[in-house]
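Enquirer: Kindly generate the corresponding structure for this input.
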Amino acid sequence: MSDSETPAARRAADYEGALAGADATVAAFGEGPASPIERLQRFLHAFPIAVPVIVLVASVVLFSLIVGNRFYHPYNLSLVAQQVTIIAIIGIAQTAVILTAGIDLSVGAIMVLTSTVMGRLAVQSGVPAELALLVGLGIGTLCGTINGILITYARLPPFIVTLGTWSVFGALNLWYSASQTIRAQEVAAAAPLLQATGAATSLFGARITAGTVLMLVLALVAGYVLNRTAFGRHVYATGDDPEAAHLSGIDTSRVLIAVYALAGFVAAVGAWALIGRVGAISPTSGSGANLDSITAAVIGGTSLFGGRGSISGTLVGALIVGVFRNGLALGGLDALWQEFAVGILIIAAVGVDQWIRRVAQ
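Expert: Model prediction:
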């Protein structure tokens, strides 16, 4: 600094130097090494399926210690697989909807309604089973499309719309079925195709049903569509930021209608698997499928705020629900405590999701 500079100029230069030093200190502080908790948070944000996988492994180890070898018995594993099949199929439908930051409370009602339609057409009206199956799939798709149209064009909240259609579809089911159950013997005699998903083969002593295979195929197809196609990218973008997605040229209304229509179709596929699992066709079967589907998706890492989640995570979430219920039942606990445990899992899953999302904020 030259002697010609005034004291005021020297003070200004010193002040600017102090600010530069402070900025450098702040930058160095921000770039410091992350704590183990922060690294874990970032890892789970990058790999959201890690949490449900850890919970599933821990659950299997825990219940194997509590109930012993009975948990690993092939018959018990077969039972878990059959219980998980319906939850996973409906969970796939729910996952696609939740990825758009929506929710579908009617998927269970759609499943039961379409099973009734298939059964009454094939067994009581003499319609060929193949045609009855196709009509049921079409009815399921139509129900989902109605949900999507009401949400997009009437601009109604998904929760309210699907809560209303849950009641509407449920009432139509009771009306059309006359609250009567079609017995398994009648279905087997008139429409064995509807029970085909219940056919089982033995694998290492465990019974693997066609419904379980159907669920895995459906999961592979849904996973491919969501992860490998433009439509799947549009689904994630719509859920993550609908305004930005619209500005980028994505027809978000069309995406939402397609997602809800596909959810209805998948629910109808679940109806076919339900008939194979139960044998009979009852207007009250699968009454808890709505909540089970949400449970599987949320525990599997699908964010209720949209834009994050996977089909594989939902499958793991369905397995967690099945393992918990089965393990608690083998441990002699009442069904009340099984629901209690699942409720705790849901709350914990949402809490973990909120904590992980802070990384992106």
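Enquirer: okay, CA-based contacts and neighbour counts for the rest of this
Expert: Fine.
Enquirer: Tell me the spacing between A190 and L121.
Expert: 10 Å (CA to CA, to the nearest Å).
Enquirer: cool, and S303?
Expert: 39 Å.
Enquirer: before we move on, what about A222?
Expert: A222 sits 29 Å away from L121, going by CA to CA.
Enquirer: So these two - more neighbours on which side?
Expert: Per other CA atoms under 10 Å, whichever of A222 and L121 has more neighbours is A222, with 22 against 19.
Enquirer: element containing the more buried one, please.
Expert: A222 belongs to helix 210-228 when elements are defined using DSSP states H and E.
Enquirer: Enumerate the positions of that helix that are buried.
Expert: A210, G211, T212, L214, M215, L216, L218, A219, A222, G223, L226 (16 or more other CA atoms under 10 Å).
Enquirer: what do you get for stretch 49-68?
Expert: Residues I49, A50, V51, P52, V53, V55, L56, S59, V60, F63, V67 are the ones in stretch 49-68 that count as buried (16+ other CA under 10 Å).
Enquirer: tell me the two of those residues that are most distant?
Expert: With CA to CA as the measure, no two of the buried residues of stretch 49-68 lie farther apart than I49 and V67, at 27.1 Å.
Enquirer: residue boundaries of the helices in the stretch 251-361 of the chain?
Expert: 252-278, 289-299, 311-330, 335-357 (DSSP state H, counting those that start in this stretch).
Enquirer: residues contacting the closest residue to S310 other than its chain neighbours?
Expert: Distance criterion CA to CA, 6 or more residues apart in numbering; nearest residue to S310, sequence neighbours excluded, is T302 at 6.5 Å. By CA atoms under 8 Å, 6 or more residues apart in numbering, the residues touching T302 are T95, I98, L99, R308, G309, S310, G313, T314.
Enquirer: Out of the residues you listed, grab the one that's most surrounded.
Expert: T95 (35 neighbours).
Enquirer: got a list of what the residue nearest the centre of the chain touches?
Expert: Nearest residue to the geometric centre of the chain (CA atoms, centre = their mean): A297, 2.9 Å. Residues in contact with A297, defined by CA under 8 Å, 6+ apart, are G91, I92, Q94, T95, G313, T314, G317, A318.
Enquirer: check contacts around V117.
Expert: A132, V135, G136, Y176.
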